[in-house]
Structure formats: structure tokens, C-alpha cells
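Participant: Here's my sequence, what's the structure:
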Amino acid sequence: MTEVTLVAVRDTLQAEDVAHLAEIIWNEHYLPILGQEQVAYMLKTFQSTERIIADIAENKSTYYIVEVDQDEIGYVALEWQENTLFISKLYLLKRARGNGYAYQLMKKLIQQATDAKKSKLRLTVNKDNPSSIAFYEKVGFKQVDAVVSPIGNDFVMDDYIYDYTI
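Facilitator: Numbers count the residues shown, from 1 in each chain. The predicted model follows:
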């Protein structure tokens with residue numbers, strides 16, 4: 001199997017690539033879950049090139065483009081917290097799912113957290129996203145809580161919180 005590579009996002013062109021990937025992935029995967037209006041709002045508010053650049057500049061998130069054989073198949077955003085590696089975003093193109101790439105990616109993230117002496121990884125996942133929930137549970141994440149977070153424009157994120165203990 002071809003190995004997944006993480007390419008750090010360091011410039012505007014790479015941030016544009018991430019925003020483009022976000023637009024494709026969110027429209028592929030989240031339209032049936034959230035609807036067009038919320039997907040468009042979330043892309044504009046949280047996944048735009050400008051927002052990605054600001055998150056990186058403010059040291060809020062570390063973004064990586066996920067590649068296989070130099071083909072961009074997704075992206076991940078990480079937030080390094082005191083004892084936790086928070087996986088803020090982890091998204092793959094539809095054509096890249098089911099090929100073992102997400103598993104490889106998760107192994108790399110677990111190793112990064114271990115190397116950084118973190119005690120756990122944490123992520124949130126939409127309650128109406130059963131395929132992602134099943135994947136996270138398969139790789140060892142455990143549901144620890146649920147949260148409904150207002151995000152503006154009368155939209156909410158209705159998520160489960162999952163932890164992976166190292």
C-alpha cells in the first residue's frame with residue numbers, strides 16, 4: 001500500500017489548496033447531514049483560505065495536506081493543548097476513503113502525540129455521521145461526552161466528543 005504523507009501548510013497557495021479540498025469534501029459528505037445552507041456557512045466561516053491562514057498565523061492550528069503519491073487526498077488541522085492533541089479537522093476525499101489511508105493517518109497522529117508526550121488525542125464528530133463514528137471506534141477512540149455548540153447564523157454543531165488514550 002502507498003504511504004500517506006503529511007505536508008505542512010506554510011503558504012497561501014497551500015492554504016488555498018486546503019480550502020479547495022474542504023469545498024469538495026464538505027459538499028461530498030456533509031450535504032445530507034447538514035444541508036446546503038449550513039455547509040456553505042461553515043465553509044465560508046471556518047474553512048476559507050483567509051481563516052486557514054489566520055489560524056496558522058495565530059498558532060491556533062497546524063494544518064497538513066494529506067497526500068498519497070503527491071496526490072492531495074485530504075487535510076488535517078491539529079491543536080496542541082497541554083496534555084492533548086486535539087484533531088480539529090480530519091477530512092478525506094470520497095475517492096480516498098476505504099483504502100486504509102485514514103488508518104495510516106491516524107497511526108501517524110497517534111505517533112505525533114506520543115512523541116510530544118501527550119496523554120490523549122481528542123476529536124469531535126457529528127452525531128449523524130455513522131461512518132466516521134464507526135472508524136474512530138474501530139481505531140480505539142471512546143466516546144466521552146456530547147456537545148451542542150452554537151456557531152452563528154442559528155446553526156449548531158451537534159457532536160460527540162471522542163478520546164484516544166495513549
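
Participant: Can you verify residue 33 is assigned to a helix?
Facilitator: Yes: under DSSP: H, G, I helix; E, B strand; the rest coil, residue 33 falls within a helix.

Participant: That one contacts residue 131, correct?
Facilitator: No: counting by C-beta atoms under 8 Å, residue 131 is not a contact partner of residue 33; they are 10.6 Å apart. To be clear about C-beta, it is placed using only N, CA and C from the backbone, and glycine gets the same treatment.

Participant: Can you classify residue 145 as helix, strand or coil?
Facilitator: Look at residue 145: counting by three-state DSSP, its state is strand.

Participant: and it, how many residues sit next to it?
Facilitator: 11 (other C-beta atoms under 10 Å).

Participant: hey, what's it bridged with?
Facilitator: On the basis of DSSP bridges, residue 145 is bridged to residue 161.

Participant: Retrieve the pLDDT associated with it.
Facilitator: Here, the pLDDT recorded for residue 145 equals 99.

Participant: Okay, it and residue 107: tell me how far apart.
Facilitator: Per C-beta to C-beta, to the nearest Å, residue 145 is found 25 Å from residue 107.

Participant: Show me where the protein has its helices.
Facilitator: Under the criterion DSSP state H, the chain contains helices at 12-29, 31-34, 36-46, 49-57, 101-115, 130-138.

Participant: between the ones you listed, which one is nearest to residue 3?
Facilitator: Between residue 3 and these, the tightest spacing by C-beta to C-beta is seen for helix 101-115, at 6.7 Å.

Participant: By mean pLDDT, which helix or strand of this structure comes out lowest?
Facilitator: Across the helices and strands of the chain, mean confidence by mean pLDDT, DSSP states H and E is lowest for helix 31-34: a mean of 96.
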